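Enquirer: My questions are about this predicted structure, shown below with the sequence.
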Amino acid sequence: MVKVKEWVKNLVTYKPGKPIEYVAKEIGIEAEEIVKLASNENSMGASPAAVAAIRNNIDSIYKYPDGSSYDLINKLAGKYLISSEQIVVGNGSDEIINLIYSAFCEKGDKAIMAFPSFAEYLLIGMAHRSNVVKVPLVDFKIDLAGIKEAIDGNTRIVFLNSPNNPTGTIIEQKELEAFMKAVPDDILVVLDEAYYEYATGKPGFPESVEFIKRFDNLLILRTFSKAYGLAGLRIGYGMGSSEIIDAINKVRQPFNVNRVAQIAAGAALEDTKFISETRTMNETGMNYLKSELKDIGVEYVESYANFLLIDLKTDADSVSDKLLKRGVIVRSMSGYGLKEFVRVTVGNESENRKFVAALKSVMNEV
Ligand code: PMP
């Protein structure tokens, strides 16, 4: 047997939502009958412009990708009116989180995150032997005062997530401003906006790109996995000062983002019609879910994203197992210390109806 490093043995493996095909086999129904509302994917599918661009370029996959993602970075720079040196593209924003630890956090250094928030800040940090400190949410919101208090001389990174997964709550413009002013400028603040496209324009939600023009220690993360519908391609990006981006580029593999993903993301970025339809579908679905949940008498946290955190007031694992048997996959939050909560993605009309019907029947049973 090969010898695994002692500390690696203690790491926890990230558990992604179960694939539909796997669940279909497990419960013995057709994959088409299953509704997956567990990974915050876009139920409209992928941006059609991205799919067309892939079809038109598929013959070029024998070539290596452009290691500098030149075209895509230039498009992003044009969209956000920043320099191309302020942008890095990764194999999903997950990869960029990994690169952040590689570039900025030595073994034993402290990284601070809210809890519950996106699990990868913790899991990737542990794989880098960082000391990841969790600051509990207050009223389901990120506790910026608590995070500030947790900062000490060993702190290198703070991870903020807005809208926060799994609560859907945001850090407002004024709160972000005060926080950035208060945090020492040698600490990297990562603002993960994976659900930006759903929240932008809503009251209080900051246009954070303005902040990177003022704060050299801020790095924004965004992704093509959510509203753009390209989760399977693995592509996300970071925006910050050229010093931060330069450091990340030094630890990045040269061909980290595949050719097809770069082409598709470039086309998706220009597909504003798709994003606007996605936002409309999400708004309609969110309103429908909220009104049905009110009818059932189930509480939820007000969300700026494409998911809802639901308080079942009963064991979430057991409810999600029962939903699964009815062909609906949601995410139990028991592993996040929220034993009576599930997170459900806002789907399309028929998915939402199926979820509501299944939830009603399960809640009648418990
Ligand atoms: N950040 C947050 C808050 C997320 O919810 C996710 C996806 N679950 C990611 C980052 C990772 O996104 P990507 O697919 O770009 O790696």
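Expert: Looks like it arrived, so ask away.

Enquirer: hey, where'd the strands end up in this structure?
Expert: 35-36, 87-90, 110-115, 131-136, 155-161, 188-192, 218-223, 236-239, 299-300, 307-311, 328-329, 331-332, 341-345 (DSSP state E).

Enquirer: Distance to the ligand for the ones you listed - can I get that in JSON lines?
Expert: Using the backbone N, CA and C atoms, a C-beta is placed for each residue, glycine as well. Putting those into JSON lines (distance: least, CB to the nearest ligand atom, whole Å) gives the following:
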{"stretch": "strand 35-36", "distance to the ligand": "13"}
{"stretch": "strand 87-90", "distance to the ligand": "8"}
{"stretch": "strand 110-115", "distance to the ligand": "11"}
{"stretch": "strand 131-136", "distance to the ligand": "15"}
{"stretch": "strand 155-161", "distance to the ligand": "5"}
{"stretch": "strand 188-192", "distance to the ligand": "5"}
{"stretch": "strand 218-223", "distance to the ligand": "3"}
{"stretch": "strand 236-239", "distance to the ligand": "3"}
{"stretch": "strand 299-300", "distance to the ligand": "18"}
{"stretch": "strand 307-311", "distance to the ligand": "9"}
{"stretch": "strand 328-329", "distance to the ligand": "15"}
{"stretch": "strand 331-332", "distance to the ligand": "10"}
{"stretch": "strand 341-345", "distance to the ligand": "10"}
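
Enquirer: and of those, who's closest to F211?
Expert: Set against F211 and scored by CB to CB, the strands of the chain come closest in strand 218-223, at 5.5 Å.

Enquirer: how about that closest one: buried residues?
Expert: Buried residues in strand 218-223, defined by neighbour count with 16 or more other CB atoms under 10 Å: 218-223.

Enquirer: who touches that strand?
Expert: With contacts defined as CB atoms under 8 Å, 6 or more residues apart in numbering, strand 218-223 is touched by 92-93, 96-97, 100, 180, 188-194, 196, 208-209, 211-212, 235-241, 244.

Enquirer: 6 Å - rerun?
Expert: 93, 96, 189-194, 196, 208, 211-212, 236-240, 244 (CB atoms under 6 Å, 6 or more residues apart in numbering).

Enquirer: circling back: switch the strands of the chain over to TSV; also include distance to T167 and mean pLDDT.
Expert: Output for these, formatted as TSV (distance: least, CB to CB, whole Å; pLDDT from 0 to 100):
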stretch	distance to T167	mean pLDDT
strand 35-36	21	94
strand 87-90	25	98
strand 110-115	9	98
strand 131-136	12	98
strand 155-161	9	98
strand 188-192	13	99
strand 218-223	18	98
strand 236-239	21	98
strand 299-300	10	98
strand 307-311	5	98
strand 328-329	20	96
strand 331-332	13	96
strand 341-345	9	98
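
Enquirer: Distance to N10 for those - can I get that in TSV?
Expert: Compiled in TSV, the strands of the chain are given as follows (distance: least, CB to CB, whole Å):
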stretch	distance to N10
strand 35-36	31
strand 87-90	27
strand 110-115	17
strand 131-136	13
strand 155-161	21
strand 188-192	25
strand 218-223	27
strand 236-239	28
strand 299-300	35
strand 307-311	29
strand 328-329	29
strand 331-332	24
strand 341-345	27
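
Enquirer: for those, which one sits closest to R252?
Expert: strand 87-90 (7.0 Å).

Enquirer: What is the closest one packed up against?
Expert: helix 70-80, strand 236-239 (3 or more CB pairs under 6 Å, 6 or more residues apart in numbering; DSSP states H and E).

Enquirer: So which of these is the most surrounded?
Expert: Among the helices and strands packed on strand 87-90, strand 236-239 has the highest mean neighbour count (mean count of other CB atoms under 10 Å), at a mean of 24.

Enquirer: Start and end of stretch 38-45, how far apart?
Expert: End-to-end distance of stretch 38-45: 15 Å, with CA to CA, to the nearest Å as the criterion.

Enquirer: how far is that stretch from where the chain is centred?
Expert: Relative to the chain's own centre, stretch 38-45 is displaced by 12 Å; criterion: CA atoms, centre = their mean, to the nearest Å.

Enquirer: likewise stretch 128-137?
Expert: With CA atoms, centre = their mean, you get 18 Å for stretch 128-137.

Enquirer: Pull out the C-alpha coordinates of that stretch and format them as PDB.
Expert: Extracted as PDB, the C-alpha positions of stretch 128-137 are listed here (Å, rounded to 0.1, in the frame of the first residue of the first chain):
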ATOM      1  CA  HIS A 128      -3.100  23.600   2.000                       C
ATOM      2  CA  ARG A 129      -2.700  23.000   5.800                       C
ATOM      3  CA  SER A 130      -4.000  26.500   6.500                       C
ATOM      4  CA  ASN A 131      -5.800  27.300   9.700                       C
ATOM      5  CA  VAL A 132      -9.300  28.100   8.500                       C
ATOM      6  CA  VAL A 133     -11.400  29.900  11.100                       C
ATOM      7  CA  LYS A 134     -15.200  29.900  10.800                       C
ATOM      8  CA  VAL A 135     -17.200  32.900  12.000                       C
ATOM      9  CA  PRO A 136     -20.900  32.000  12.500                       C
ATOM     10  CA  LEU A 137     -23.500  33.900  10.500                       C
END
